[in-house]
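Trainee: Sequence plus predicted model, see below.
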Amino acid sequence: MPPTQKKIMLSAVQPSHLLTLGNYLGALRNWVKLQDDYTCLFFAVDLHALTVKQDPKKLREQTYLALATYIATGIRPETATLFIQSHVPEHAELAWILNCFIYMGELSRMTQFKEKSARQGQAISAGLLTYPALMASDILLYQTHLVPVGEDQKQHIEITRDIAIRMNHIYEVSLFTVPEIYTPPVGARIMSLQNPMCKMSKSDPDSNSAIYLTDTNDQILKKLKKAVTDSGSEITLDDQKPGIQNLLQIQAALSEKTPSEIVSEHTGKQYGHLKIKTAEKIIETIGPIRDRTLELMTHKDYLHSIFQAGAKHARERAQKTLAHVYDQVGLIKGRY
Ligand code: TRP
């Protein structure tokens, strides 16, 4: 399909922590497949990361790492636009306008705000509350059609749609395309290795609960050996065995097989065997991605050339939307 007729797809991750196997199987791997069918923009939302306390050095490193990981997993900078959110100032500018069209009630009802602010205790930044306005800005700036994100981000996409519809209605013009959430045909929900009832999360304080995409082979093997399993000893597909289910899911997702095929590969074997096999499978896929990521991290000039070209390309689109919005809401066009 000619590039101009392709739908626009956009997604991002927060570089607030190291990326995990869950991010790879749930997001990055799908992005690689989608890049030829859509006009894609993928970026690292460093401004969003600031809504909770960050170590400046770590944030910078994790932002480089996120983009390096995108490239290492197979996202081609010549095909998809890769950039850093703060390099395109229109994100923060449109976010301000959107903040003036979102209601306090809508923001304070967001599940993510309620959960994160409960964890923060007293020092809750206003940024944490207005987070959805910045995310809506990320999406609406590019007249995005589809946003591939996990279940936990559904509410943020809904509020983005609400703002788009509201502003299009108020100004009686099409300021924004109303985006839709994109759910991949085969999604993988990877759970914590220490508590298989919770999602594997990059922000989990227990580093044994997640496989980071930068883990060494040794670390991967150790974490799998420590993974929480269930009572009994038989490897079966059983809801009462969430730990075993998770390992089967991980192996299935990595080998593009079904969990029951993985079960039959393990008949008569013990849990320990499943753990080792799962570790091997992870190492087989993640190992080369990690090596390429770390190699790219030694070529920061190359990474900068990608960010720069990506931001330039993204800005061309973003500026058009922002200029239209500024004009419609009644700001005087600058002539500089
Ligand atoms: N809120 C998303 C998350 O935590 C990250 C994000 C920010 C995002 N802006 C976005 C995702 C725009 C998709 C599109 O995962």
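Mentor: Ah, there it is.
Trainee: How about the secondary structure of residue 290?
Mentor: Assigned by DSSP: H, G, I helix; E, B strand; the rest coil, the conformation of residue 290 is helix.
Trainee: so what's it up against?
Mentor: The contact partners of residue 290, by CB atoms under 8 Å, 6 or more residues apart in numbering, come to 72, 213, 214, 215, 216. Bear in mind the C-beta positions are built from the backbone N, C-alpha and C, glycine included.
Trainee: Which ones among those lie within helices?
Mentor: Counting by DSSP state H, the part of these found in helices is residue 72.
Trainee: Buried among the contacts of residue 290? Make that a PyMOL selection.
Mentor: For the buried members of the contacts of residue 290, the matching PyMOL selection, counting by 16 or more other CB atoms under 10 Å, is:
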select buried, resi 72+213+214+215
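Trainee: now the helices: where do they sit in the stretch 1-150 of the chain?
Mentor: Assigned by DSSP state H, counting those that start in this stretch, the stretch 1-150 of the chain shows helices spanning 21-23, 29-34, 46-49, 56-73, 90-99, 104-108, 111-120, 126-140.
Trainee: which stretch in these is the model least sure about?
Mentor: Among these, helix 111-120 carries the lowest mean pLDDT, a mean of 88.
Trainee: Can you mark which positions in it are buried?
Mentor: 113, 116, 117.
Trainee: Thought residue 129 was touching the first one, still the case?
Mentor: Yes - with contact taken as CB atoms under 8 Å, residue 113 and residue 129 are classed as touching, separated by 5.9 Å.
Trainee: Residues that sit against both of these two, list them.
Mentor: With CB under 8 Å, 6+ apart, residue 113 and residue 129 have common neighbours residue 107.
Trainee: and the ligand, which of the helices of the stretch 1-150 of the chain is closest to it?
Mentor: Judged by CB to the nearest ligand atom, the one of these that comes nearest to the ligand is helix 126-140, at 4.0 Å.
Trainee: pull the CA atoms of the closest one into PDB?
Mentor: Only the C-alpha atoms of helix 126-140 are listed here, as PDB (Å, rounded to 0.1, in the frame of the first residue of the first chain):
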ATOM      1  CA  ALA A 126       0.200  17.400  39.700                       C
ATOM      2  CA  GLY A 127       1.900  15.700  36.700                       C
ATOM      3  CA  LEU A 128       0.600  12.400  37.900                       C
ATOM      4  CA  LEU A 129      -3.000  13.700  37.800                       C
ATOM      5  CA  THR A 130      -2.600  15.400  34.400                       C
ATOM      6  CA  TYR A 131      -0.700  12.400  32.900                       C
ATOM      7  CA  PRO A 132      -3.600  11.500  30.600                       C
ATOM      8  CA  ALA A 133      -3.600  15.000  29.000                       C
ATOM      9  CA  LEU A 134       0.000  14.500  27.900                       C
ATOM     10  CA  MET A 135      -0.800  11.000  26.700                       C
ATOM     11  CA  ALA A 136      -3.800  12.300  24.700                       C
ATOM     12  CA  SER A 137      -1.500  14.900  23.300                       C
ATOM     13  CA  ASP A 138       1.000  12.200  22.200                       C
ATOM     14  CA  ILE A 139      -1.700  10.400  20.300                       C
ATOM     15  CA  LEU A 140      -3.800  13.300  18.900                       C
END
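Trainee: Any residue of that helix touching the ligand?
Mentor: Yes - with CB under 6 Å from any ligand atom as the measure, helix 126-140 is seen reaching the ligand through 135, 138, 139.
Trainee: Redo these as a markdown table? Include neighbour count.
Mentor: Formatted as a markdown table, those follow (neighbours: other CB atoms under 10 Å):
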| residue | neighbour count |
| --- | --- |
| 135 | 24 |
| 138 | 28 |
| 139 | 26 |
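Trainee: nearest to residue 303, of those residues?
Mentor: residue 138 (20.8 Å; CB to CB).
Trainee: show me the residues around the nearest residue to the closest one once chain neighbours are set aside that make contact.
Mentor: Spatially, and ignoring its direct neighbours in sequence, residue 138 is nearest to residue 91 (5.8 Å; CB to CB, 6 or more residues apart in numbering). Residues counted as contacts of residue 91 (CB under 8 Å, 6+ apart) are 47, 85, 134, 137, 138, 141, 318.
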